[in-house]
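> Please find the sequence and the predicted model below.
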Amino acid sequence: QLRLYQNATKGGSIKIYASGGVTITSLVVNASGRIGDAGYIVDGGTQTNLSASTTYTMSNLSATSYVEFFQREDGSSNRIYVNTFVVTYTVPVTSTTWTGDTDTDWATAGNWDNGVPTSSLDATIPDVTNAPIIGATTGASVKDLTINEPGDGLTILGGGSLIVAGTSSGNITYTRTLTTTNWYLMASPVIGEIFDATWRDDNNIDQTNGGSNAGIAEYVTNGDTWNYASVTGGGSTFSDGKGYAIKQDLAGNISFTGTMNVGDESISLFTTGNGYNLLGNPYPSYINSASILTANSGSLDTETTWIW
């Protein structure tokens with residue numbers, strides 16, 4: 001039993017409030033009695049005196065609400081008796097875990113235990129039967145991302161987007177569909193992908209381009225030429241933010257698998273030759289090209305982007 005007594009010159013009081021994001025939605029109090037001016041106020045509002053053997057319910061409280069019980073009248077014998085408190089509260093949701101209970105669609109709420117992730121929710125992807133896929137029209141966001149799904153991890157289809165506000169661990173796979181066997185300029189949106197023989201075979205990279213040259217090349221600013229990968233070479237890791245020319249011998253999907261870049265990226269520019277540099281987007285999300293040009297205006301001859 002809670003008892004608040006008057007101490008001759010100063011009344012006793014107690015405040016009940018939530019912190020750490022917890023919200024008190026209701027408070028039910030059972031009073032066994034009072035002597036003198038004793039009761040409660042909500043958020044500094046109107047005073048309500050307690051009566052003996054009466055239950056009081058305080059509802060519709062906000063996240064910043066508080067309830068204060070008090071004894072204010074002079075006289076050392078004044079007091080308030082409260083037998084029970086029943087506090088109903090909500091704890092903020094800070095994370096959600098992929099279940100895949102419905103299908104593989106990232107944007108389906110039924111595939112998560114606490115709803116689709118947002119920029120304020122951490123997301124965890126365990127090893128389950130239905131691994132998540134971010135569709136071609138889905139713009140996904142998450143706070144911290146933990147991927148325990150082995151292999152390809154989280155798959156993002158071309159046109160889809162993923163923005164991680166915090167940290168990311170585990171693999172993602174970004175897939176883009178090429179509709180012809182022409183040359184395309186692109187960059188790897190993940191960290192760690194290697195364009196070795198296995199990657200070239202899996203992605204139908206042209207192996208008959210000019211004899212020993214594979215259909216993947218880096219642009220060489222000095223001399224404005226192309227440095228082609230060899231069909232017999234061991235391969236190299238795609239450089240973050242660097243563009244590549246890629247050609248398939250059979251039109252279809254190109255996939256990049258690796259960890260996600262969540263930090264700033266910088267790349268050296270060269271002024272030799274005609275001064276052209278082939279750059280690419282190192283993220284599985286859209287970036288504002290105008291902002292990049294403006295931020296780097298001091299390093300550029302002209303704030304212009306040429307798109308193949």
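On my side now, so go ahead. None of the values given here were measured: they were computed from a predicted structure.

> distance between the ends of stretch 170-189?
Stretch 170-189 has an end-to-end distance of 14 Å (criterion: Cα to Cα, to the nearest Å).

> Same question for stretch 258-269.
25 Å.

> swap in stretch 270-278?
First-to-last distance for stretch 270-278 - Cα to Cα - comes to 10 Å.

> what comes up buried for it?
L278 (16 or more other Cβ atoms under 10 Å). C-betas here are computed from N, CA, C, even on glycine.

> centre of the chain versus it, how much separation?
36 Å (Cα atoms, centre = their mean, to the nearest Å).

> what sits up against it?
For stretch 270-278, contacts defined as Cβ atoms under 8 Å, 6 or more residues apart in numbering pick out 185, 218-224, 242-245, 269, 301, 306.

> Apply the buried test to those residues and list what passes.
E218, Y219, T221, K242, G243, Y244, A245.

> all strands for the stretch 201-308 of the chain, in order.
Assigned by DSSP state E, counting those that start in this stretch, the stretch 201-308 of the chain shows strands spanning 213-220, 225-230, 244-247, 253-259.

> Now stretch 52-59: buried residues?
Neighbour count says stretch 52-59 has Y56, M58 buried, by 16+ other Cβ under 10 Å.

> Equivalent analysis for stretch 113-132, please.
V116, P117, L121, D122, A123, T124, I125, A131, P132.

> so can I have TSV of those showing pLDDT, distance to T104 and secondary structure?
Below are the buried residues of stretch 113-132 laid out as TSV (pLDDT from 0 to 100; distance: Cβ to Cβ, whole Å; DSSP: H, G, I helix; E, B strand; the rest coil):
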residue	pLDDT	distance to T104	secondary structure
V116	97	14	coil
P117	97	15	coil
L121	96	20	coil
D122	97	21	strand
A123	98	15	strand
T124	97	16	strand
I125	97	11	strand
A131	94	6	coil
P132	96	6	coil
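
> Can you tell me which of those residues lies closest to Y17?
Of all the buried residues of stretch 113-132, L121 has the smallest distance to Y17: 25.1 Å, by Cβ to Cβ.

> For that closest one, list the residues it contacts.
Counted by Cβ under 8 Å, 6+ apart, L121 has contacts V93, T94, S95, T96, N114, G115, V142, K143.

> give me that answer again for 7 Å
With contact set as Cβ atoms under 7 Å, 6 or more residues apart in numbering, L121 has these partners: V93, T94, S95, T96, V142, K143.
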